[in-house]
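Novice: Below is the sequence, then the predicted model.
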Amino acid sequence: DQDLPGVLVSGLEGPHGICEDHIGDLQKHFTLITLQEFLENNTRFGPKVQAVYIWGGKPAVTQELLQSLPSLKIIASAGAGLDHLDLKLIASCGVKVANTPQAVSSPTADMGMALLLAAARRVVEGHRLAIAPDTENFSANWMGQEVTGATLGIIGMGSIGYKIAQRARAFEMKILYHNRKRRKLEEEEAVGATYCESLDDLLQRSDFVLLAVSLTPQTQRLIGKRELNLMKPTAILVNIGRGLLVDQDALVQALQTGVIKGAALDVTHPEPLPRDHPLLKLENVTLTPHAGSATHQARRQMMENLVASILASLHGLPIPNEVRLNWDNSVA
Ligand SMILES: O=C(O)C(=O)CO
């Protein structure tokens, strides 16, 4: 229907496509214009685009793209992370931004716990052992780290970090956290979490260090050689945030030389890793393919939230999940 508002999407199929099941739903509300169609004829399609629908960080919103979309009102970005968007540039064009933090927080927290448990109890190695035809050394001397009662250091106590603390509490873990802002006392007490103003202190005391912090210029390479050296040699690093939070070369070295015990990573840099990357060869690494929000329920919820945000912006209504900037361009 040509009268439906035009929404730019990166593609309808292939690796950059949005979830196939959702295309039909989106087409009930919008005329979907793919990046390819737009690039082939931007004078025809540019003025029709009122919203950009970002899935998996794509399409990239550059100054050039913004300039060729004169009717653009909103950028609706799937997920919680906003590191792929230049929020200041977008705001300077009078364009709004919305994301989907509620839809992803529980499944991403679940993934954090899944990775923590998998790495601690060597689930992936165990699977290989269990299916191996050679049963001679079946499970002999094959041990992991105890989770119950261990100390978990959560870096980034936003909604995902907090949900991880709620889950970890059920495992009787001692919970430390480091965050830009301290949480309210009653929120700390509800999950039994102790604030560590010093990141070094958290790193030294934790058996598991879990990254649930947004990627910003301040958090890029937050965990480097120095920080890894502060961690216990028995500690496991879990990253469900962004690959660039960690100096990956330093991590590889720490894992190869026993500076830390292991790592479980839902995110890397780049994604996917090149086939010959050393992280792919280490026994003490557990990887998942940036799948924090990869549940049927979450993906549907994300799409529904984005549709609601786009429709609200086009109708001049308050925008659900609008991302607001502080005076210093940090996210409010
Ligand atoms: O919510 C996000 O930012 C994600 O990365 C989803 O997996």
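Specialist: On my side now, so go ahead. Keep in mind it's a predicted model, so treat the numbers as computed, not measured.
Novice: could I get stretch 255-270 in CSV with only the CA atoms?
Specialist: C-alpha atoms of stretch 255-270 as CSV (Å, rounded to 0.1, in the frame of the first residue of the first chain):
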residue,chain,number,x,y,z
LEU,A,255,43.6,-17.2,28.7
GLN,A,256,46.6,-18.8,27.1
THR,A,257,48.9,-18.1,30.0
GLY,A,258,46.6,-18.9,32.9
VAL,A,259,46.2,-15.3,34.1
ILE,A,260,42.5,-16.1,34.4
LYS,A,261,40.7,-19.5,34.2
GLY,A,262,38.3,-18.9,31.4
ALA,A,263,35.9,-16.6,29.5
ALA,A,264,32.4,-16.9,28.2
LEU,A,265,31.5,-14.4,25.6
ASP,A,266,28.3,-13.6,23.8
VAL,A,267,29.9,-10.7,22.1
THR,A,268,33.3,-10.3,20.4
HIS,A,269,35.0,-7.8,18.1
PRO,A,270,34.4,-8.3,15.2
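Novice: Next up, the contacts around the closest residue to Ile310 other than its chain neighbours.
Specialist: Once flanking residues are discounted, Ile310 sits nearest to Ala51: 4.5 Å by C-beta to C-beta, 6 or more residues apart in numbering. To be clear about C-beta, it is placed using only N, CA and C from the backbone, and glycine gets the same treatment. Counting by C-beta atoms under 8 Å, 6 or more residues apart in numbering, Ala51 touches 5-8, 30, 72-76, 310, 313-314.
Novice: And for Val238?
Specialist: 112, 115-116, 119, 208-211, 263-265.
Novice: Which ones among those map onto helices?
Specialist: 112, 115-116, 119 (DSSP state H).
Novice: re earlier: out of the contacts of Ala51, which is nearest to Val252?
Specialist: Val252 lies nearest to Ile75 out of the contacts of Ala51, by C-beta to C-beta, at 35.0 Å.
Novice: tell me the SS of the closest one?
Specialist: Following DSSP: H, G, I helix; E, B strand; the rest coil, we place Ile75 in the strand state.
Novice: oh, and call the first residue 7 from now on, that's how I've got it
Specialist: Noted, 7 is the first residue going forward, which turns the last one into Ile81.
Novice: What is the burial count for it?
Specialist: By the criterion of other C-beta atoms under 10 Å, Ile81 has 28 neighbours.
Novice: Ser111 and Ala314, how far apart?
Specialist: 17 Å (C-beta to C-beta, to the nearest Å).
Novice: the more surrounded of the two?
Specialist: Ser111 (22 against 18).
Novice: and that one, what element?
Specialist: If you go by DSSP states H and E, Ser111 is part of helix 107-126.
Novice: Dump the C-alpha coordinates for whichever helix or strand comes after that helix into CSV.
Specialist: Using DSSP H and E, the helix or strand that directly follows helix 107-126 along the chain is helix 129-137. Taking Å, rounded to 0.1, in the frame of the first residue of the first chain, the C-alpha atoms of helix 129-137 are listed here in CSV:
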residue,chain,number,x,y,z
VAL,A,129,29.2,-27.6,29.7
VAL,A,130,30.4,-27.3,26.1
GLU,A,131,33.6,-29.4,26.8
GLY,A,132,31.4,-31.8,28.7
HIS,A,133,29.1,-32.2,25.7
ARG,A,134,32.1,-33.1,23.6
LEU,A,135,33.3,-35.6,26.2
ALA,A,136,29.9,-37.2,26.5
ILE,A,137,29.5,-37.7,22.7
